[in-house]
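[1] predicted model and sequence below, questions to follow.
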Amino acid sequence: MGLAVTILGSGTSIPHPERRPPAFVVTRGDCSLMIDCGAGSTTGLARAGVGLDRLSALALTHFHLDHTAELSALLFALRNPAHAARHADLPIFGPPGTAELLDKLEGVYGSWVTARGFALHVHAVRDRELFAVGPLRVTPFRVEHTAQSFAYRVEADGKVVTFSGDSAPCDALVEAARDADLFVCECGALAGERIAHMTAQDVGAAAARAGCKQVVLTHLYERITAADPLRDVRRHFDGPARVAFDDMRFEAR
């Protein structure tokens, strides 16, 4: 059956008319795992045809606001009477501190962000400790961005999709992307910048080391896209590479 990936948000914290902040959804059959929850990502889910009653789980890569700002809106929407048909519990995976983040949101918004008719199950991920979401096998890899930032390697049916989250170049990211059919990698830095993000050349080098089959660049500022990032990726990686846009869909079969 393979894996399908929809880019819910290909942008950053900087508002852009065509790029929402980071978020993705990977699906296999009726199972849908959301990766990150940037502003506008619930709209992205709707555009992708993934109803909130069908969302199987959410995994956060780290706590920066461009990756988490829609979390309260997601929880608010889930408790709306229009979604009263949802009865399945919702697992939320994330770095240590995810439960505290949800507690703080409840402290601000009260019962407006508490589950109704189902339960939230919060799980703190650990480096390279596999967890399952339906048929999906997910392995977190601790990468170099914040003190607790993770890439996610998602596997099913012999196919692999890796989401970098935010990261500087590091061996852990290469291992997360090892032999991936699709490597969805952030590209938030220009050549010469060392700001705990990847340059296009960094992405190409990591993809080549990992033996990836296809690369998709995301977390894109206008200054990055204006600099022809695919040219720099191809200095190291000779496989297919694309610049992501919101609502793009990819398949690993």
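    Thanks, I have the structure now. Keep in mind it's a predicted model, so treat the numbers as computed, not measured.

[2] against residue 222, how distant is the closest residue to residue 249 other than its chain neighbours?
    Distances taken as C-beta to C-beta, 6 or more residues apart in numbering put residue 6 closest to residue 249, at 5.0 Å, once the chain neighbours are dropped. The C-beta positions use only the backbone N, C-alpha and C, and glycine is treated the same way. With distances taken as C-beta to C-beta, to the nearest Å, residue 6 is found 23 Å from residue 222.

[3] comparing those two, which shows the higher neighbour count?
    residue 6 (22 against 12; other C-beta atoms under 10 Å).

[4] which residues touch that one?
    By C-beta atoms under 8 Å, 6 or more residues apart in numbering, residue 6 lies in contact with 24, 25, 27, 44, 48, 50, 247, 248, 249, 250.

[5] for it, pull up the helix or strand it's in.
    strand 3-9 (DSSP states H and E).

[6] show the subsequent helix or strand relative to that strand.
    Of the helices and strands lying after strand 3-9 in sequence (DSSP H and E), the nearest is strand 23-28.

[7] and the helices in the stretch 1-150 of the chain?
    Assigned by DSSP state H, counting those that start in this stretch, the helices in the stretch 1-150 of the chain fall at 41-47, 65-68, 71-78, 98-109.

[8] sketch out the low-pLDDT regions of the stretch 51-200 of the chain for me.
    Scanning the stretch 51-200 of the chain for pLDDT under 70 picks out the ranges 83-85.

[9] swap in 90 and give it another go.
    53-54, 79-87, 115-118, 192-194 (pLDDT under 90).

[10] okay, the strand holding residue 6 in CSV with CA atoms only?
    In CSV, the C-alpha atoms belonging to strand 3-9 read as follows (Å, rounded to 0.1, in the frame of the first residue of the first chain):
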residue,chain,number,x,y,z
LEU,A,3,3.0,5.8,2.4
ALA,A,4,1.5,9.1,1.3
VAL,A,5,2.8,12.4,2.6
THR,A,6,1.0,15.8,2.3
ILE,A,7,2.9,19.0,3.0
LEU,A,8,0.5,20.9,5.2
GLY,A,9,3.0,23.8,5.8
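
[11] chain center to it: distance?
    How far strand 3-9 lies from its chain's middle: 9 Å, per C-alpha atoms, centre = their mean, to the nearest Å.

[12] again, but for stretch 174-183
    For stretch 174-183, the distance to the chain centre is 14 Å (C-alpha atoms, centre = their mean).

[13] got the end-to-end distance for it?
    10 Å (C-alpha to C-alpha, to the nearest Å).

[14] list the buried residues in it.
    Buried residues in stretch 174-183, counted by 16 or more other C-beta atoms under 10 Å: 174, 175, 176, 177, 180, 181, 182, 183.

[15] swap in stretch 135-149?
    With burial defined by 16+ other C-beta under 10 Å, the residues of stretch 135-149 counted as buried are 136, 138, 139, 140, 141, 142, 143, 145, 146, 148, 149.

[16] do the same with stretch 122-136
    Under 16+ other C-beta under 10 Å, the buried positions of stretch 122-136 are 122, 125, 131, 133, 136.
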